[in-house]
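>>> coords please:
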Amino acid sequence: MSTRRRLSIAIRPALAAAIITGCSVSESVSPPVTQPPPPPPPPPSVEARALWVSRFEFDSPEKITRIMDDARSANFNIVYFQVRGAADAIYRSSIEPCAVVLCGRLGGTATWDPLEVAVREAHARGLELHAWLNAFTGVGSGAASTCATLVESASGNPRHILKEHPEWAMVDDAGVSMPCPNNEEYVWLSPGNPGVRTQLARVAADVVRRYGVDGIHLDRIRYPGTRWSYDPASLAEFGKSPGSDPGGWAQFRRDLVGRAVREAFDSVVAVRPATVLSVAAWGIYQDKWGWNSSQGYSQYLQDPRAWAKDGYLDVTVPMTYFAINSASCSFADWICLLEDHLRGVQAATGRDMYIAIAANKGSPESLRQVQAGRAYGVKGFAFYSYASASAANLFTALAAGPFNAKASIPRMSWR
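Coordinates of the predicted model:
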């Protein structure tokens, strides 16, 4: 895209201010006739419009119905609905224990099924429902009270994976198994243990088979940092000292994450070939601008571009929870990241990319980002999250503005 086109969409506030203050007119010159601004172009007829709904944003069938009503009112067409937070189930499962958020305790018995309600209510409104699964998170680790929720399940209900296999937790570079509490949000599961990958694939296939969801959306599909996971299974497969080949060790762990994605993909398309597999990817793939920021590829050992290129990832959703900066490519500039992901995913791999918008930045910023994304030809948007969008009155703003007409979801030409 040329610089001229980029600036013409008037998305950088500093540019607009410079135009206004730098073009003052002498008193001796008659002011020009003010012309009304041209009307905005009509919204595209094909565009993904996704909404993340976290496990903390619904607690009843009525709340789910209201969420789907709000999504429909603003002409969204995809809902990423969270049903696995920490190797648990926010639905009825015979594989993993019922989540605390649904049953009041880990491994209890659910009195209702959020996923069943969500699929029914979404489809009744013409929305696709994609089940959102956290991939490698085992149990919340922010406080001792959260760690204490890891208990044995009620009789007859499935046990938690860390009760069944505590040795599958990640291990640090000193050989210490990840404790609880810790500073990594969760006790993470190592994809170097084949059972961790197998369980994720089983859960994904089970959800597709029993609920008829339109897609599987993977989150936390990464390591929490490079000092993890030096577990025995990973070290044995790598076959040499990580210190003797640091680059190879990093790539080996990236490949383990990729293996988990491939196994999940294979499992769901075996059940229903049209199932979409998407991932929530770290917002900054590689820091090529010198921002000294966290980045998915090197820090979290996540390479969604390789997964897309190799054919087992349909949609990448980079979590670009930033604003459009006044200076081009200053720290974490949303436009700069949009350009990078368009080149690295959409152009380089031929697979789709939906750019993320943080609803908590407010409606004006969200609308600017939609305008900019369309100018660049992005295939779609994903808004995080429902509660933030509701608080920002974003559903009304979108319905009255850039989402004022329905749109179809882009077809997967590679299927």
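
>>> From Leu301, how far off is the closest residue to Trp228 other than its chain neighbours?
Nearest non-adjacent residue to Trp228, counting by Cβ to Cβ, 6 or more residues apart in numbering: Met170, 4.3 Å away. C-betas here are computed from N, CA, C, even on glycine. Going from Met170 to Leu301 by Cβ to Cβ, to the nearest Å gives 11 Å.

>>> Looking at those two, which one has more neighbours?
Met170 (28 against 25; other Cβ atoms under 10 Å).

>>> That one and Pro232 touch, don't they?
No - contact status for Met170 versus Pro232: not in contact, 11.7 Å apart, counting by Cβ atoms under 8 Å.

>>> so where is this protein shaky, pLDDT-wise?
1-40 (pLDDT under 70).

>>> Run through the strands of it in chain order.
Under the criterion DSSP state E, strands of the chain are mapped to 48-53, 78-84, 128-134, 137-140, 186-188, 215-219, 276-282, 315-319, 352-358, 380-384.

>>> centroid residue for this protein?
Nearest to the mean C-alpha position of the chain, by Cα atoms, centre = their mean, lies Ala280 at 2.5 Å.

>>> Make sure that residue is actually in contact with Val317.
Yes - assessed by Cβ under 8 Å, Ala280 is found in contact with Val317 at 5.2 Å.

>>> Residues in contact with both of these two, list them for me.
Common neighbours of Ala280 and Val317 are listed as His217, Ala356 (criterion: Cβ atoms under 8 Å, 6 or more residues apart in numbering).

>>> Apart from its chain neighbours, what residue comes closest to Gly377?
Gly377's closest residue in space is Leu342 (Cβ to Cβ, 6+ apart), at 7.3 Å.

>>> how many neighbours does the one you found have?
Neighbours of Leu342 using other Cβ under 10 Å come to 19.

>>> Bridging across strands, which residues link to Ala356?
Taking DSSP bridges as the rule, Ala356 bridges to Ala382.

>>> wait, I meant Val79
Leu51, Leu129.

>>> just checking, it touches Ser54?
No - in this structure Val79 lies outside contact range of Ser54 using Cβ under 8 Å: 11.5 Å.

>>> So those two - more neighbours on which side?
Val79 (28 against 17).

>>> what's the distance between that one and Thr149?
Distance from Val79 to Thr149, by Cβ to Cβ: 27 Å.

>>> Setting the sequence-adjacent residues aside, check what's closest to Ser190.
In space, Ser190 is closest to Ser229, 4.0 Å off (Cβ to Cβ, 6+ apart).

>>> should've said Asp69
Arg125 (7.4 Å).

>>> The one you found contacts Arg72, correct?
Yes - under the criterion of Cβ under 8 Å, Arg125 makes contact with Arg72 at 4.2 Å.

>>> Settle it for me: which of these two has more neighbours?
Arg72 (20 against 16).

>>> Could you measure from that one over to Pro181?
For Arg72, the distance to Pro181 - Cβ to Cβ - is 40 Å.

>>> Kindly report the same for Val100.
16 Å.

>>> The two - which one has more neighbours?
The neighbour count for Val100 versus Pro181, taken as other Cβ under 10 Å, is higher for Val100 (22 against 15).

>>> one step back: enumerate every residue touching the residue nearest to Asp69.
Neighbours of Arg125 in contact, by Cβ under 8 Å, 6+ apart: Met68, Asp69, Ala71, Arg72.

>>> which stretch among the strands of the chain comes nearest Gly239?
Minimum separation from Gly239 across the strands of the chain (Cβ to Cβ) falls at strand 186-188, 22.9 Å.

>>> partners of the closest one, with directions?
strand 137-140 (antiparallel).

>>> Now tell me what touches the strand it pairs with from outside.
85-87, 146-147, 149-150, 160-162, 168-169, 180, 185-189, 220.

>>> mind running it again at 6 Å?
Ala86, Ala87, Thr146, Leu150, Leu162, Tyr186, Val187, Leu189, Arg220 (Cβ atoms under 6 Å, 6 or more residues apart in numbering).

>>> What is the lengthiest helix in the chain packed up against?
The longest helix of the chain (DSSP state H) is helix 246-271. Contact partners of helix 246-271 among helices and strands, from 3 or more Cβ pairs under 6 Å, 6 or more residues apart in numbering; DSSP states H and E: helix 194-211.

>>> Show me what the helix it packs on is packed against.
helix 246-271.

>>> Figure out the length between the terminal residues of stretch 224-243.
19 Å (Cα to Cα, to the nearest Å).

>>> Now do the buried residues in it.
Pro224, Gly225, Trp228, Ser229, Tyr230, Asp231, Ala233, Ser234, Leu235, Phe238, Pro242 (16 or more other Cβ atoms under 10 Å).

>>> And stretch 106-126, by the same measure?
For stretch 106-126, by 16+ other Cβ under 10 Å, it's 106-108, 110, 113-115, 117-122, 125.

>>> Same check on stretch 345-358?
Neighbour-count burial for stretch 345-358 flags Val345, Gln346, Thr349, Arg351, Asp352, Met353, Tyr354, Ile355, Ala356, Ile357, Ala358 (criterion: 16+ other Cβ under 10 Å).
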